[in-house]
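1. task: produce atomic coordinates for the following.
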Amino acid sequence: MHSSTKTNNHYANIWEHTGRRAENKVAHDYFADYDSTQIIGKIDFCIAVPQDGAELFETESLLWAEAKAGTKKGIYESFVQLILTIGKARTFDSYLPPAFLGAFDAEKIAFLPYTNIIDVFYQNDFNWNVTSNDHEMKEFWQLYGQVKTDIERDVLLYRFGTDDKELHKFISGNFIVGKSRRLSKIRINKNNFTHISPEAQAVLDAGRELWHYYHAQPDANPNAALYDIRLHFQGTNAKGKMNADSNDARYTELITALRQHLKQLARKIEPKVYEYGFLLK
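-> This next block holds a predicted model:
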């Protein structure tokens, strides 16, 4: 195991002389089994599930991170800058968010579950139209105050070199496709699925809207299935059975739209079920 001083100086020198190549070294040393080539908006560093050829569905991100040269900027400030970058561009509207946000510099890397701070993106009275790397703005410190407690409570921090064993264990244990599928699972791409219909795309879009709304709730479960989401909003009756409806107007709107699109997709699929002999009339 390397000493922290030696490792820290090594990363600092790389950053000083080669700029973003230090990010490449972090990717090589700790994320070699993943895709580190994705460019998502103005986010410094992205880790995603590896893909074989052109994928039918969008990239599955595992980590969005802020990268800093040297060690002068605090990790908390780096997280705030990353959150400002994401919130200003509303990156989560164009890309499925990752399991973790991250921040790293020449000596350490830290992780924060995305769902732990998701509610800050949906506040109505915050000015996101600011420069994210300007740490002197009042909005920067306003957001810092909002997320500081969450970061302190939930952040996972590792020092390069000193904590390499624990860092590799954390990555291998948490950076899993869909939290239930390993990287070796076969993924759908243009070679084994050639077309997605407008009806299917509408279902995907409606499901994503519902997913976003559910994960904006403070007690959201990051591994929730559709049943869990329905149970969250609809609750149960005295007999323990799920209620038929919900008092949440936005949820009702979203689940109704999803059901309508599912019915349209079912009508599209039904003739093919019999045409290809899956079922007999």
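2. mind listing what's buried in the longest helix seen in the chain?
-> Ranked by residue count and defined by DSSP state H, the top helix of the chain is helix 249-275. Buried residues in helix 249-275, defined by neighbour count with 16 or more other Cβ atoms under 10 Å: 251, 254-255, 257-258, 261, 264-265. (Glycine included, C-beta is placed from N, CA and C.)
3. who are the packing partners of that helix?
-> helix 198-215, helix 226-234 (3 or more Cβ pairs under 8 Å, 6 or more residues apart in numbering; DSSP states H and E).
4. switch those over to JSON lines; also include distance to residue 126 and mean pLDDT.
-> Converted to JSON lines, these look like this (distance: least, Cβ to Cβ, whole Å; pLDDT from 0 to 100):
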{"stretch": "helix 198-215", "distance to residue 126": "17", "mean pLDDT": "91"}
{"stretch": "helix 226-234", "distance to residue 126": "25", "mean pLDDT": "92"}
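5. mind putting the ones you listed into CSV with mean neighbour count and distance to residue 104?
-> Output for the helices and strands packed on helix 249-275, formatted as CSV (neighbours: other Cβ atoms under 10 Å; distance: least, Cβ to Cβ, whole Å):
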stretch, mean neighbour count, distance to residue 104
helix 198-215, 17, 25
helix 226-234, 16, 33
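6. wait, a strand at residue 62?
-> Yes - assessed with DSSP: H, G, I helix; E, B strand; the rest coil, residue 62 lies in a strand.
7. from residue 259, how far out is residue 232?
-> Separation of residue 232 from residue 259 (Cβ to Cβ, to the nearest Å): 17 Å.
8. over to residue 106?
-> Residue 106 is 51 Å from residue 259, where distance means Cβ to Cβ.
9. which residues touch the nearest residue to residue 34 once chain neighbours are set aside?
-> Nearest in space to residue 34, with sequence neighbours left out and distances taken as Cβ to Cβ, 6 or more residues apart in numbering, is residue 47 at 4.9 Å. Going by Cβ atoms under 8 Å, 6 or more residues apart in numbering, residue 47 touches 27, 31, 34-36, 38, 61-63, 65, 98, 175.
10. bridging residues for residue 47?
-> On the basis of DSSP bridges, residue 47 takes part in beta bridges with residue 63.
11. try residue 157
-> With DSSP bridges applied, residue 157 shows beta-bridge pairing to residue 110.
12. look at it and report its pLDDT.
-> Looking at residue 157, its pLDDT stands at 94.
13. one step back: and the helices and strands packed on helix 249-275 as JSON lines, adding distance to residue 133?
-> What follows is the helices and strands packed on helix 249-275, written out as JSON lines (distance: least, Cβ to Cβ, whole Å):
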{"stretch": "helix 198-215", "distance to residue 133": "26"}
{"stretch": "helix 226-234", "distance to residue 133": "36"}
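14. what's the closest of these to residue 132?
-> With respect to residue 132, and counting by Cβ to Cβ, the nearest of the helices and strands packed on helix 249-275 is helix 198-215 at 21.2 Å.
15. give the helix, strand or coil label for the residue minimising distance to the centre of the chain.
-> Centroid-nearest residue in the chain, with Cα atoms, centre = their mean: residue 98, separated by 1.4 Å. Secondary structure, three-state DSSP: residue 98 is coil.
16. on that earlier part again, from the buried residues of helix 249-275, pick the one nearest residue 42.
-> Checking the buried residues of helix 249-275 against residue 42 with Cβ to Cβ, the nearest one is residue 254 at 29.0 Å.
17. OK, contacts around that closest one?
-> Contacts of residue 254 by Cβ under 8 Å, 6+ apart are 206, 209-210, 213.
18. in JSON lines, list those along with distance to residue 81.
-> Shown next, in JSON lines, are the contacts of residue 254 (distance: Cβ to Cβ, whole Å):
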{"residue": "206", "distance to residue 81": "33"}
{"residue": "209", "distance to residue 81": "28"}
{"residue": "210", "distance to residue 81": "30"}
{"residue": "213", "distance to residue 81": "26"}
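19. spatially, what comes nearest to residue 51 if we skip its sequence neighbours?
-> Leaving aside its chain neighbours, residue 51 sits nearest to residue 35 (6.5 Å; criterion: Cβ to Cβ, 6+ apart).
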